[in-house]
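Novice: mind folding the following:
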Amino acid sequence: MKSSILIKLFSFIAVAASIYASPISKKHHHKEKITLAVDSNVNFYHDLDLDVYYQKSNLKKLEKKPVVIYIYGGGCENGYITVIPNYHIHPNATNIDTMVDDVHHAIQWTYKNIHKYGGDKKKMTLSGHSAGSHLAALTLVKSSIGMKNLGKPLKKLPTFKDVLLLNGLYVVGDIEKGIELFSSIGMMNYVEAFKDLFLNKTNYNPQDILAERKNKSIKSFGTIHITLLECTKDTDAKPGSAKLMIDQIERTVKKISTSTYLFDGNHNAVNHGIRDGDEEARKVYMELLTKYNKP
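Specialist: Next up is the predicted model:
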């Protein structure tokens, strides 16, 4: 179940999109009334659902809107259709492959169905924060090389216009030390999650998977452009980690545009900033979003 905080965050981004995507002309002071709508709990795979935030008034128009698929950590008014999928989390999922499978199906569902909400399937952005960024990146990597997931090669996905990932951990790190640390401070839910998801498991770090590939061996990464954002005071996904991931993408993928962005703040500075009304956080996210996938 998506939290009320998450819903508030993306409703806020939906409204904010118009500020950066469609500046008010001095000659036109009256804008068409916009009706924002949400189609909640839409089943897309097994017991999973997603929410679609869209513009009702756009459904009867010929012009299709670009789309954002956000993996937890938008846009709607004159800007973007937003899709927020659920996926199985620990303890309902005891391996990363299940989560990748969920995200993969959410993307496929969006590509096949987003036209019903006025969305343009050829103008999709995949975005996420923190663990969501890790999961989105892992899904892209595994699908782009056809790596086995749940025992079957993961099929290639439709090509995104852009991928925008915030504060991602692309290498999880020393699992045993992590378990020891969480155990010492009594965070037993994290201990169990690390044991089930990572201990004695392989192929869960997107950066490490790419490191084993030959130069320019990947025809397509599933996106035209990718931006990795990190924050100056982030102690979880430390500054500099984004460049290491970008280096591997540029080395292994034949043709792709890449960029990184450094934002002043901690691990949650952008996504919590948007939620809490931080104008700079909102502006940066929307500028990065519209730069490579314009409304």
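Novice: if I look at Gly173, what pLDDT would I see?
Specialist: Note on Gly173: pLDDT of 87.
Novice: scratch that, Phe12
Specialist: Listed pLDDT for Phe12 reads 37.
Novice: what of Cys231?
Specialist: pLDDT, read off for Cys231, is 98.
Novice: any idea how far Leu210 is from it?
Specialist: 23 Å (Cβ to Cβ, to the nearest Å). C-beta coordinates here come from the backbone N, C-alpha and C atoms, glycine included.
Novice: now do stretch 120-127: everything it contacts.
Specialist: Under the criterion Cβ atoms under 8 Å, 6 or more residues apart in numbering, residues 64-71, 80, 107, 110-112, 114-115, 136, 140, 158, 160-166, 223, 289, 292-293 lie in contact with stretch 120-127.
Novice: now, these that are in helices?
Specialist: 107, 110-112, 136, 140, 289, 292 (DSSP state H).
Novice: kindly reformat the residues you listed as a markdown table containing pLDDT and distance to Asp49.
Specialist: Formatted as a markdown table, the ones in helices among the contacts of stretch 120-127 follow (pLDDT from 0 to 100; distance: Cβ to Cβ, whole Å):
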| residue | pLDDT | distance to Asp49 |
| --- | --- | --- |
| Ile107 | 98 | 15 |
| Thr110 | 98 | 13 |
| Tyr111 | 98 | 17 |
| Lys112 | 98 | 16 |
| Ala136 | 98 | 19 |
| Leu140 | 99 | 23 |
| Leu289 | 95 | 24 |
| Tyr292 | 95 | 29 |
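Novice: Lys238 is in contact with Asn266, correct?
Specialist: No - Asn266 lies out of contact with Lys238 (Cβ atoms under 8 Å); the separation is 11.4 Å.
Novice: make sure Asp208 is indeed in a helix.
Specialist: Yes - the assignment for Asp208 is a helix, going by DSSP: H, G, I helix; E, B strand; the rest coil.
Novice: quick one on the thing from earlier: could you turn the buried ones of the contacts of stretch 120-127 into a ChimeraX selection?
Specialist: In ChimeraX, this line selects whichever of the contacts of stretch 120-127 come out buried by 16 or more other Cβ atoms under 10 Å:
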select :64,65,66,67,68,69,70,71,80,107,110,111,114,136,140,160,161,162,163,164,165,166,223,289,292,293
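Novice: host element of the closest residue to Gly273 other than its chain neighbours?
Specialist: Excluding its sequence neighbours, the residue lying closest to Gly273 (Cβ to Cβ, 6 or more residues apart in numbering) is Ala281, at 2.8 Å. Element membership of Ala281 [criterion: DSSP states H and E] is helix 279-292.
Novice: what is that helix packed up against?
Specialist: Applying 3 or more Cβ pairs under 8 Å, 6 or more residues apart in numbering; DSSP states H and E, we find helix 279-292 packed against helix 4-21, strand 119-129, strand 162-166, strand 225-231, strand 257-263, helix 271-275.
Novice: and that helix, which residues are buried?
Specialist: 281-282, 284-286, 288-290, 292.
Novice: same thing with stretch 141-152?
Specialist: 141-145, 149.
Novice: in TSV: those, plus secondary structure.
Specialist: Putting the buried residues of stretch 141-152 into TSV (three-state DSSP) gives the following:
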residue	secondary structure
Val141	helix
Lys142	helix
Ser143	helix
Ser144	helix
Ile145	helix
Asn149	strand
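Novice: widest-spaced pair of the residues you listed?
Specialist: The span of these, defined through Cβ to Cβ, is set by Ser144 and Asn149 at 12.2 Å.
Novice: now tell me which helix or strand of the chain has the poorest mean pLDDT.
Specialist: helix 4-21 (a mean of 37; mean pLDDT, DSSP states H and E).
Novice: CA atoms of the very next helix or strand once past that helix as PDB?
Specialist: Counting by DSSP H and E, the next helix or strand C-terminal to helix 4-21 is strand 36-45. Extracted in PDB, the C-alpha atoms of strand 36-45 (Å, rounded to 0.1, in the frame of the first residue of the first chain):
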ATOM      1  CA  LEU A  36      -6.700  16.400 -12.000                       C
ATOM      2  CA  ALA A  37      -7.800  12.900 -11.500                       C
ATOM      3  CA  VAL A  38      -6.500   9.700 -10.100                       C
ATOM      4  CA  ASP A  39      -7.300   6.100 -11.000                       C
ATOM      5  CA  SER A  40      -6.400   4.200  -7.800                       C
ATOM      6  CA  ASN A  41      -5.600   0.600  -7.100                       C
ATOM      7  CA  VAL A  42      -5.500  -0.500 -10.800                       C
ATOM      8  CA  ASN A  43      -4.400  -4.200 -10.900                       C
ATOM      9  CA  PHE A  44      -1.500  -4.700 -13.200                       C
ATOM     10  CA  TYR A  45       0.100  -8.000 -12.100                       C
END
